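Novice: Return a 3D structure for these sequence lines:
(2 chains)
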Amino acid sequence: MTVPLVVLAILSTVGGLVGIPYAVSSMFGAGDVNAFHKVLSPVIAEVGKPHAIAAAGEHSAPEAAAAHSAAPAAHGEEAHDPAEISLERTLAVVSVVLALIGIGIGWLVFSKTPLKALPKILQDKWRIDELYNGYIVDPITKLSRQGLWKGFDVGFIDGIVNGIGHFMVEAGNAVRSLQVGFVRSYAAIILFGALAVIGYFIYYGLKLVG
Amino acid sequence: MDLIANNLLTILILLPTIGAIGAIAYQAVTRSDEHQKWIALFVTVLNFLISLVLFTRGVPAVGGFEFEQNVPWISAIHTNYHVGVDGLSFWLVLLTTFIMPLSVLCAWTAVEKKKTAFFAFLLLLESAMLGVFVTLDLLVFYLFFEASLVPMFFLIGVWGGKNRIYAAVKFFIFTAVGSLLMLVAIIALYYIYAGAVNGAGSFDFVEILAAMQSGKLILGPQVGMLLFLAFALSFAIKVPIFPVHTWLPDAHTEAPTAGSVILAAILLKMGTYGLMRFNFAFFPDQARETAWIFITLAVIGIIYGALVAMVQPDWKRLIAYTSVAHMGFVVLGMFSFTELGMQGAVYQMLNHGVSTGALFILVGFAYERRHTREISEYGGLANVMPNYAAIFIITTMSSIGLPFLNGFVGEFLIMVGMFKSTILNVTASANWNYVAAMAAGIGVILAAVYLLWLVQRVFFGKVTHAENKKLKDLNAREIGLMIPLLIAMVVMGVYPRPFLERTDSAIKSIEARVMRSAGGAVAKTELDTKALENR
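Specialist: The predicted structure is shown next:
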């Protein structure tokens, strides 16, 4: 493992030199030495000049040639905005200062006690996983299990489906008790029915008369 | 050779039935039910090979059919045996003949009782399903549609799990109620046609459609809507579209492995096929008017199915609920009424058949070894059954929609189609098509959640149950029957073009019928072939 690590360490130390920004290199009067920027620039089309890259290869197309002439600086020396350069330099200084502060704090804390225990919140990775589980994963699984599956699917929809079935069975049972084949109960029912009909006629007959 | 080509579809439908009769006759003669599986395998493989003859003819012209046969059946009611294949049914026929040998193989040792009847029902089911996909006569279509219920009812009810009777009855009643309404609508169409042409009625899909297109047969808005809903309800139950999906988890879970595979891979497609074939062609206005309802239900189904699948403790029921989500995608693509979306829908039907069929077969392998479907009973299987784990994870990826596997192509086309769809834009400012497409995107994420979580719980970690330590890895038959499915997943994921080319003209004609009958007011989305090639 040592050799790959050595290679990676060397690369991570010097690798950044491939892409020294103009804002930095110009401070030393070196001009634009940013090789990385130029490698990537043909890949990313600039908005409003979609054919700029194709134009470089096909000079025959007139509109492509026009696009090419409209963007003369696209592949040559780029115009550098002074305001942008000073912003870039400021940000570079800020990030270097922040990094130095971090290194300093690390030095102060760990130089004497390299195995010093850190606050638990850091060991728990700021508890982001617990936050997700507690506020996103658990509520969704709970809702799905209790609400959607057991509540809606099995409870509501199947409840309706099975309810229709039970209703049919119950209705059948209710009607079945009328059809027991017991002649005397049939006779009783006929008697009650006849009495009801006669009662109805008497009631309305009296109403007509009275 | 000509004899086969001229009667191809009839041979495909009849051969399995003859095989079923042969299996029963063999039992009657030899009093043995040990060799019926060989009969079933031979017949289904032969049927698959014969179905490859479909490739010998090109893509039919727009609105046309290949391998057509039209023979009068009951002339008193003008019903004909009229079969034909177009781009819409082409791959579904092949999917059926492709899946059947595999489902026979996966029942090879799993079925222990009444083997003759089991394999006879499988073969009868194949006849009925092929009949559904190729029949162009509404009455005969209805007969095949209903006939497919009977073998499946017995497959679930006799060879199913603990709760099989409940599941079988629920499956039967749910689907039969829906299709009875369709029968009423079919009869109504027959008389409406008779009135429109001042002559005999017709059950013929092509004739009725021609009368509608020529303006001879015009449905009033109310009649049209009633007929549309009668057809749509029947197919929606079959798909199944939320909220009429609750028969599916029970039926899939309780069915024997071969039954679950056929249910998921083929039977559900009868619903989406029916919607595209009949609802869109006969009732384009109603289809457009109700598109927002179906899109809403599809999106609910995608997310709802995924969420409910996520929390299932039962391995097979989890896969069953994923069908609700995946079929939601198909419905979404269909009702986007864009060429891309509808192409994606047909493609996703095939994908779902291959991937979910494979998942059910794989769950069946585990069940055969452990006789339990509880996810918590497994764990760490990758240590004991490495080949099984590898195949299962590839299948999972295909179901999730990993690029270069089949699921991705279908879901991608459906989402692009929905994104470009104009069907929801009632006013210029509303962009509900974006909302629907993005909601479907959430469904893809949830698919990764429930399937990867399943994989984690079943395959990774330590073996927690002592019974799992001595499980045998897949044998040659099991690996052999998975290989065609794995090949299909990769081929369909890497090179979808031949599949899409076959369906293209049929999709175009359906889309034109639905979108142009609005009188040119609806914008038409062109098939972006470049987007397909760049993919």
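Novice: From B:Leu15, how far off is B:Phe42?
Specialist: 10 Å (CB to CB, to the nearest Å). Every C-beta, even on glycine, is put in place using the N, C-alpha and C of the backbone.
Novice: Could you check which of the two is surrounded by more residues?
Specialist: Between B:Phe42 and B:Leu15, counted using other CB atoms under 10 Å in any protein chain shown, B:Leu15 has the larger neighbour count: 21 against 14.
Novice: Can you tell me which residue is spatially central in chain A?
Specialist: For chain A, A:Ile136 is the residue whose C-alpha lies nearest the centre (CA atoms, centre = their mean; 11.5 Å).
Novice: hey, where'd the strands end up in chain B?
Specialist: Applying DSSP state E to chain B gives strands spanning B:66-74, B:79-85.
Novice: domains of chain A?
Specialist: A:81-116, A:129-209 (automatic domain parsing).
Novice: Present those as a markdown table; the columns should include mean pLDDT.
Specialist: Listed next are these as a markdown table, based on pLDDT from 0 to 100:
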| stretch | mean pLDDT |
| --- | --- |
| domain A:81-116 | 89 |
| domain A:129-209 | 88 |
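Novice: ok, so what distance separates B:Ile99 from chain A?
Specialist: 28 Å (CB to the nearest CB, to the nearest Å).
Novice: for the nearest residue to that residue once chain neighbours are set aside, what are its contacts?
Specialist: Distance criterion CB to CB, 6 or more residues apart in numbering or on different chains; nearest residue to B:Ile99, sequence neighbours excluded, is B:Ala265 at 4.7 Å. By CB atoms under 8 Å, 6 or more residues apart in numbering or on different chains, B:Ala265 lies in contact with B:95, B:99, B:103, B:352-354, B:356-357.
Novice: Just the ones of these in helices?
Specialist: B:95, B:99, B:103, B:352-354, B:356-357 (DSSP state H).
Novice: Please list the residues of chain A that sit near chain B.
Specialist: Neighbours of chain B within chain A, by CB under 8 Å from any CB of the partner chain: A:140-141, A:143-145, A:148-149, A:153-154, A:157-158, A:161.
Novice: Could you dump the strands of chain B into a markdown table with distance to B:Ala120 and mean neighbour count added?
Specialist: Output for those, formatted as a markdown table (distance: least, CB to CB, whole Å; neighbours: other CB atoms under 10 Å in any protein chain shown):
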| stretch | distance to B:Ala120 | mean neighbour count |
| --- | --- | --- |
| strand B:66-74 | 25 | 15 |
| strand B:79-85 | 23 | 22 |
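Novice: among those strands, which is nearest A:Tyr132?
Specialist: Judged by CB to CB, the one of the strands of chain B that comes nearest to A:Tyr132 is strand B:79-85, at 50.8 Å.
Novice: what mean pLDDT does that closest one have?
Specialist: For strand B:79-85, mean pLDDT is 90.
Novice: How about residues contacting that strand?
Specialist: B:9-10, B:13, B:54, B:60, B:65-73, B:93, B:134-137, B:139-140, B:203-206.
Novice: could the strands of chain B be laid out in JSON lines, adding distance to A:Val7?
Specialist: Below are these laid out as JSON lines (distance: least, CB to CB, whole Å):
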{"stretch": "strand B:66-74", "distance to A:Val7": "63"}
{"stretch": "strand B:79-85", "distance to A:Val7": "62"}
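Novice: For B:Gly333, find the nearest of the ones you listed.
Specialist: Judging these by CB to CB, what sits closest to B:Gly333 is strand B:79-85, at 21.5 Å.
Novice: how big is the angle separating the closest one from strand B:66-74?
Specialist: Relative orientation of strand B:79-85 versus strand B:66-74 (axes from the mean of the first three to the mean of the last three CA atoms, to 10 degrees): 170 degrees.
Novice: Just the CA trace of strand B:79-85, in CSV.
Specialist: The C-alpha trace of strand B:79-85 is given here as CSV (Å, rounded to 0.1, in the frame of the first residue of the first chain):
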residue,chain,number,x,y,z
THR,B,79,-69.9,-13.4,-34.8
ASN,B,80,-66.8,-14.5,-36.5
TYR,B,81,-63.6,-16.2,-35.5
HIS,B,82,-61.5,-13.2,-36.5
VAL,B,83,-57.8,-13.2,-35.5
GLY,B,84,-54.9,-11.0,-36.5
VAL,B,85,-51.7,-9.5,-35.1
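Novice: Tell me how far the closest residue in space to A:Gly31 that isn't next to it in sequence lies from chain B.
Specialist: Distances taken as CB to CB, 6+ apart place A:Ser25 nearest to A:Gly31, at 6.7 Å, with adjacent residues excluded. Look at A:Ser25 and chain B: by CB to the nearest CB, they are 39 Å apart.
Novice: Go ahead and confirm B:Ile303 touches B:Met438.
Specialist: No - the pair B:Ile303 / B:Met438 is not scored as a contact, 11.3 Å apart, by CB atoms under 8 Å.
Novice: Please say which of the two ends up with more neighbours.
Specialist: B:Ile303 (19 against 13).
Novice: Can you check which helix is longest in the chain?
Specialist: Let's take chain A. Longest helix in chain A, counting by DSSP H: helix A:82-110.
Novice: wrong chain, I was asking about chain B
Specialist: When chain B is parsed with DSSP H, its longest helix is helix B:164-197.
Novice: Tell me what angle that helix forms with strand B:79-85.
Specialist: 100 degrees.
Novice: Just the closest of the residues of chain A next to chain B to B:Phe337, please.
Specialist: Closest to B:Phe337 out of those is A:Ile157 (28.6 Å), distances taken as CB to CB.
Novice: Tell me how many other residues surround that closest one.
Specialist: Counted by other CB under 10 Å, the residues lying close to A:Ile157 total 16.
Novice: tell me the contacts of it?
Specialist: Neighbours of A:Ile157 in contact, by CB under 8 Å, 6+ apart: B:243, B:246.
Novice: Can you pull the residues of the stretch 201-350 of chain B lying near chain A?
Specialist: Residues of the stretch 201-350 of chain B lying near chain A (CB under 8 Å from any CB): B:243, B:246, B:249, B:304, B:307-308, B:310-312.
Novice: And those, which is closest to B:Trp453?
Specialist: Among those, B:Met310 lies closest to B:Trp453 (CB to CB), at 7.0 Å.
Novice: Count the residues that sit near that closest one.
Specialist: That count, for B:Met310 with other CB under 10 Å as the rule, works out to 24.
Novice: where in chain B is pLDDT low?
Specialist: For chain B, residues meeting the criterion pLDDT under 70 lie at B:1, B:426-430, B:517-535.
Novice: what residues does it put near chain A?
Specialist: So chain B meets chain A at B:170, B:174, B:243, B:246, B:249, B:304, B:307-308, B:310-312 (CB under 8 Å from any CB).
Novice: In helices only, show me those residues.
Specialist: B:170, B:174, B:249, B:304, B:307-308, B:310.
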